[in-house]
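Asker: what follows is a protein structure lacking sequence information:
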Ligand SMILES: [Zn+2]
């Protein structure tokens, strides 16, 4: 037993897909805790320093099945965004359990746009998460 299993932000049903990249280049997240943990382990993509990324904002793109964490490096001052895919079933089932009746499934799952939609994710200006990471 680890303390993580008592953390309400931790999904005990994580799978090996955690932190894999989607076809769009987003990072697969399966709960909330994993996103901040992932960011904490990344070196600054600008200066390469470790443990210098400070989380400054979270931008909710849940209508797209995405969540963006914005960090600033305490060493060089550069801003970096990490974009996580939260549209996967592992995350959504976990979130639905937490939210109960308040749960709202993302309108547009990333496993296929609704009929009539012409919404390529890259056209929304977020680009590939990897483009400013590595
Ligand atoms: Zn830096």
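Answerer: Arrived safely, thanks for sending. Note that the coordinates shown come from a computational prediction; the quantities given were computed from them, not determined experimentally.
Asker: now the residue nearest the centre of the chain. Nearest residue, chain neighbours left out?
Answerer: When the chain is reduced to its mean C-alpha position, the nearest residue by C-alpha atoms, centre = their mean turns out to be residue 84, at 2.0 Å. For residue 84, ignoring the flanking residues on the chain, the nearest one in space by C-beta to C-beta, 6 or more residues apart in numbering is residue 29 at 3.8 Å. Glycine gets a C-beta too; all of them are placed from N, C-alpha and C.
Asker: other SSEs contacting the helix or strand harbouring the residue nearest to the centre of the chain?
Answerer: Under DSSP states H and E, the secondary-structure element containing residue 84 is strand 79-85. Strand 79-85 sits against strand 27-28, helix 33-41, strand 53-61, strand 66-73, with contacts defined as 3 or more C-beta pairs under 8 Å, 6 or more residues apart in numbering; DSSP states H and E.
Asker: now do the longest helix belonging to the chain: everything it contacts.
Answerer: Longest helix in the chain by number of residues, with DSSP state H as the criterion: helix 89-99. Surrounding helix 89-99, the residues in contact under the criterion C-beta atoms under 8 Å, 6 or more residues apart in numbering are 8, 11, 13-15, 17, 29-31, 86, 103, 105-106.
Asker: let's go with 10 Å and repeat that
Answerer: Contacts with helix 89-99, where a contact means C-beta atoms under 10 Å, 6 or more residues apart in numbering, come from 8-15, 17-18, 28-32, 34, 62, 65, 67, 84-86, 88, 102-106, 109, 111.
Asker: for this protein, give me the ranges with low pLDDT.
Answerer: With pLDDT under 70 as the threshold, the chain has low-confidence stretches at 1-5, 107-134.
Asker: can we see that at 80?
Answerer: Applying pLDDT under 80 to the chain flags residues 1-6, 105-134.
Asker: how about the residues of it by the ion?
Answerer: Contact residues (C-beta under 5 Å from the ion) of the chain with the ion: 44, 46, 47, 73, 75, 76.
Asker: what's around the nearest residue to the last one once chain neighbours are set aside, how many residues?
Answerer: Using C-beta to C-beta, 6+ apart and skipping residues adjacent in sequence, the residue nearest residue 76 is residue 47, 4.0 Å away. The number of residues packed near residue 47 is 12, by other C-beta atoms under 10 Å.
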